[in-house]
Every structure is written in C-alpha cells, then in structure tokens.
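Q: Could you work out the structure for the sequence below:
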Amino acid sequence: AILTLVLISAAGISYGVHLSAGRWLEMGGLVLLGLVPFTILGIMVGHLITPDAFGPVLGGGTALLALLSGAFGPIVTGGFLLSVIKVLPSYWLVQAGKTAQGGGGWPLEGWISVLGWSVVLTAVAAWVYQRDTGRT
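A: Sure, this is the predicted structure:
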C-alpha cells in the first residue's frame, strides 16, 4: 500500500498538485490506517470463500462500499442514512483522501469506526482462520 501511495502522490505532483509535506503525510497516514479493516476483511473473506468466488465478491463488495461511502460523490448529505454510512470504515477512507482538499483529519467518530471495525474483524478473522486451518 505504501508503494501505491508513493506512486499516486508522484502522479499527483506531476499533474501539478501542490501540498505541504505535512498534508501529504497526514493524508497518506490516514489512508494507510483506513486500509487496516479492509486488510483484515480480505484475510477473513479469503478463508471463507473459494478462489473462484473471490473476484466477484471482492469486486461487488468494493463497488458497494465505494458507492455508499461517497467515493463517486455523496449519495446523502444528512439524516439517518448519513449516520449509518459514517459507521462504515470505507466512509472514513474516502474522508482521508479529502484531507488533501483542505479538510482536517478524522474526528473522534472516524477513529472509533476504523478501530472498532478493526478489532471486531480481527476477532472474526482469527476465528475463521482457526476453523479453516483446524488450528486451535
């Protein structure tokens, strides 16, 4: 993920994106932290489904989370549905990318969401791994 962030940053700079070093580091750090629950989710799903099903599950899941989280533009601007969407770690991953546009870092709500998903998914992934490999 770090290499990808470096390449994307280099591409941005080559297209004229001007950010301070601190802004680049803040955005990159938040993106890396935002990827933690998805890394754990990938490990878990990898132990739950067959290799043939992994592509469709990954593609469909990614598209759904991107749509809900506002990667293609906001689908809601307020109300109950936005509150539900803010529980998703993908929402905060999108917000991390917006840090470069002058937004601040995550509020406490974002940290709680990403940390909560990471903890819960780690527990479930560990159980799935043990069940799949026969280890206890």
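Q: mind checking which helix or strand Tyr91 is in?
A: Using DSSP states H and E, Tyr91 falls within helix 89-97.
Q: Can you pull out the residues in contact with that helix?
A: Helix 89-97 has contacts (Cβ atoms under 8 Å, 6 or more residues apart in numbering) with 27, 30-31, 33-35, 37-38, 65-66, 68-71, 85-86, 103, 106, 110, 113-114, 117-118. For the C-beta atoms, the positions are set from N, CA and C on the backbone; glycine is no exception.
Q: Give the full set of residues in contact with Phe72.
A: Ala66 are the contacts of Phe72 under Cβ under 8 Å, 6+ apart.
Q: Mind pulling up the pLDDT for Thr136?
A: We have a pLDDT of 58 for Thr136.
Q: Off-centre distance for stretch 19-28?
A: Remark: stretch 19-28 is offset 18 Å from the chain centroid, using Cα atoms, centre = their mean, to the nearest Å.
Q: Send me that stretch as CSV with only the CA atoms.
A: Provided in CSV are the C-alpha atoms of stretch 19-28 (Å, rounded to 0.1, in the frame of the first residue of the first chain):
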residue,chain,number,x,y,z
LEU,A,19,0.6,20.2,-0.9
SER,A,20,2.8,20.7,2.0
ALA,A,21,4.8,17.7,3.2
GLY,A,22,2.7,17.6,6.4
ARG,A,23,-0.5,17.4,4.3
TRP,A,24,0.9,14.6,2.2
LEU,A,25,1.9,12.7,5.3
GLU,A,26,-1.4,13.3,7.1
MET,A,27,-3.4,12.1,4.1
GLY,A,28,-1.1,9.1,3.5
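Q: any idea of the mean pLDDT in that stretch?
A: Average pLDDT, stretch 19-28: 87.
Q: Quick one: residues in contact with that stretch.
A: Stretch 19-28 is contacted from outside by 5, 9, 96-97, 99-100, 105, using Cβ under 8 Å, 6+ apart.
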